[in-house]
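K.L.:
Test case, fold it:
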Amino acid sequence: ADRLAIALRCRIMSTQGSSFFPTGVAWGLEATQKGELLYGYQEKRLLDLKASFAELVAMTLFVIIGCGCAVVNGPGDGEDRIIVAFSFGMAILVLAYAVGHHSGGQMNCAVTLSLVLGGALPWYQGLTNAVAQMLGSLLGAQIIAGMVPCDQDLTTNLGSNIAGKGYTDVQVLLGEFVMTFLLCFVVWETAVSQLSSSGRNTPIAIGFAVFLAHLLLLPVDGCSINPTRSFGPAVVSSLRGCDNYTAGGLRDLWIMWVGPLLGAVAAAILQLVMVPRDSHHPFLQKILGQPIAMPPTIAEKKALQQLEVAKAREILEIEIKQDERLREVMEQKKLLPQGLVQRVGPPTYQRPGAELEPGGHDKAASTSTTPVEAWN
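P.N.:
Numbering: from 1, shown residues only. Predicted coordinates:
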């Protein structure tokens, strides 16, 4: 029991390289199959390639759906703008449900960065996921280019993000900062926070956050809040060679990176204030100068369950023994004359000249009677 108790304590994170770098590579882990977002709960520090592959597939589909709707509907006003905003929000919602149990459904390197800075995702897993997202963005933009001819592209740049007329770079950057902060804040408070009760409805909240951001930023810069989403269309459209190509996607690409990443950093810092003081959040404990503790591993959780079962079995055995003892006492009381109870035991003294039993005990003192009321 003592060994189990020691094993179940939060482990102090080692300063050796093995705690900072992955110890191996895996294709799907038990923790991800159970839908847990926090990779710190994994028993071993493994790089999950299945999670990264899920991010590649999801990002490809996200660019196809979101940017594809913008390409075929155009950056118009009124209904067209609502259609594009709704398509981006619904794409995040659906794909988050689809791959959330594999990778958490990030599909955004800004969200990934925020999770890494907040201690919810190892840096090596976040880096691999970000690379997969970049590749997915390029692949999705290339598929759109193969689906839609140049003269049918109403955005003339595969839905690249470009600062709108009348807006300065600072204004666009501020808008991207605020709306990305909103998205990351919602992710932290719904998908990551243990105090949240959103549960399976988490993707709905995240999807509507993306929808609201697009309603605001579509006329400003086409709404990025996702550097990887902006990367693929900007690069592919610049290399496509269309006669009606509108330049500006590559020129303004730095805004679509700096603004969202700053918003992600701000959300990671703010969530430290929202985390309870007694939590085992490693980044929070580092800021507070406390020992960095890791949550229980899968093996430790199983050991805790076994310990609880053992304690319950021990309590049950004690109760059974108490019941048996009580039953023996009650049966003994029934065998004695009414109003009396016999006490049997060695005498505390021996009277001079007393008659002794074969065992050397005082025969007169070996038995005594006491009223039942006094014994009770």
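
K.L.:
What residues of the strand or helix carrying A54 count as buried?
P.N.:
According to DSSP states H and E, A54 maps onto helix 49-73. Residues of helix 49-73 classed as buried: 51-73 (neighbour count, 16 or more other C-beta atoms under 10 Å). Just so you know, the C-beta spots here come from the backbone N, C-alpha and C atoms, and that holds for glycine as well.

K.L.:
where are the low-confidence patches of the stretch 251-376 of the chain?
P.N.:
275-300, 335-376 (pLDDT under 70).

K.L.:
surely W257 meets P227?
P.N.:
Yes - the pair W257 / P227 is scored as a contact, 4.5 Å apart, by C-beta atoms under 8 Å.

K.L.:
And these two? Which one has more around it.
P.N.:
Neighbour count, other C-beta atoms under 10 Å: between W257 and P227, P227 has more, with 28 against 18.

K.L.:
Mind pulling up the pLDDT for the more buried one?
P.N.:
On pLDDT, P227 comes in at 97.

K.L.:
Let me see the contact set for it.
P.N.:
N108, C109, A110, M256, W257, P260, L261 (C-beta atoms under 8 Å, 6 or more residues apart in numbering).

K.L.:
can you rerun that using 6 Å?
P.N.:
C109, M256, W257, P260 (C-beta atoms under 6 Å, 6 or more residues apart in numbering).

K.L.:
do the same with C69
P.N.:
Each residue near C69 by C-beta under 6 Å, 6+ apart is listed here: V84, S87.

K.L.:
What pLDDT is listed against it?
P.N.:
For C69, the predicted pLDDT is 95.

K.L.:
cool, the one 10 residues further on as well?
P.N.:
Turning to E79, the model gives it a pLDDT of 79.

K.L.:
which residues touch it?
P.N.:
Per C-beta under 6 Å, 6+ apart, neighbours of E79: none.

K.L.:
change it to 10 Å
P.N.:
Applying C-beta atoms under 10 Å, 6 or more residues apart in numbering to E79 gives the contacts N73.

K.L.:
cool, and V210?
P.N.:
V210 touches 62, 66, 85-86, 88-93, 96, 107-108, 179, 182-183, 186, 223, 225-226, counting by C-beta under 10 Å, 6+ apart.

K.L.:
and if we set it to 7 Å?
P.N.:
Contact analysis of V210 by C-beta atoms under 7 Å, 6 or more residues apart in numbering lists F88, G89, I92, L183.

K.L.:
Dump those into a markdown table; add distance to K334 and neighbour count as well.
P.N.:
Formatted as a markdown table, the contacts of V210 follow (distance: C-beta to C-beta, whole Å; neighbours: other C-beta atoms under 10 Å):
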| residue | distance to K334 | neighbour count |
| --- | --- | --- |
| F88 | 81 | 26 |
| G89 | 77 | 22 |
| I92 | 75 | 27 |
| L183 | 76 | 25 |
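
K.L.:
Let me know the closest of those to L270.
P.N.:
L183 (12.9 Å; C-beta to C-beta).

K.L.:
in the protein, which spans are strands?
P.N.:
For the chain, applying DSSP state E gives strands covering 11-12, 24-26, 46-48, 293-294, 340-344, 367-371.

K.L.:
Quick one: the helices in the chain, in order.
P.N.:
Ranges of helices within the chain are 2-8, 30-33, 49-73, 79-103, 109-117, 123-147, 169-187, 202-221, 227-240, 253-274, 282-287, 298-335, 372-375, based on DSSP state H.

K.L.:
got the angle for the helix holding A54 vs helix 123-147?
P.N.:
Counting by axes from the mean of the first three to the mean of the last three C-alpha atoms, to 10 degrees, helix 49-73 lies at 30 degrees to helix 123-147.

K.L.:
tell me the angle of helix 49-73 relative to helix 227-240?
P.N.:
60 degrees.

K.L.:
So T202 versus Y97, what's the distance?
P.N.:
For T202, the distance to Y97 (C-beta to C-beta, to the nearest Å) stands at 9 Å.

K.L.:
the more surrounded of those two?
P.N.:
T202 (23 against 15).

K.L.:
so how far is I92 from that one?
P.N.:
Taken as C-beta to C-beta, the span from T202 to I92 is 11 Å.

K.L.:
Can you flag the buried ones in the contacts of P227?
P.N.:
Buried, going by 16+ other C-beta under 10 Å: C109, M256, W257, P260, out of the contacts of P227.

K.L.:
what's the most distant pair in those?
P.N.:
C109 and M256 (11.0 Å).

K.L.:
quick one: contacts for the closest residue to P203 other than its chain neighbours?
P.N.:
Of all residues not flanking P203 in the chain, A96 sits nearest, at 3.7 Å (C-beta to C-beta, 6 or more residues apart in numbering). By C-beta under 7 Å, 6+ apart, the contact set of A96 is G105, P203, I206.

K.L.:
Was I right to think the first one contacts A91?
P.N.:
Read it as G105. No - applying C-beta atoms under 7 Å as the test, G105 and A91 come out as separate, 11.1 Å apart.

K.L.:
Neighbour count: these two, which is higher?
P.N.:
The neighbour count for G105 versus A91, taken as other C-beta under 10 Å, is higher for G105 (27 against 23).

K.L.:
And that one, its phi and psi?
P.N.:
The phi and psi torsions at G105 (degrees, to the nearest 10) take the values phi 60, psi 50.

K.L.:
any idea how far A98 is from it?
P.N.:
Distance from G105 to A98, by C-beta to C-beta: 8 Å.
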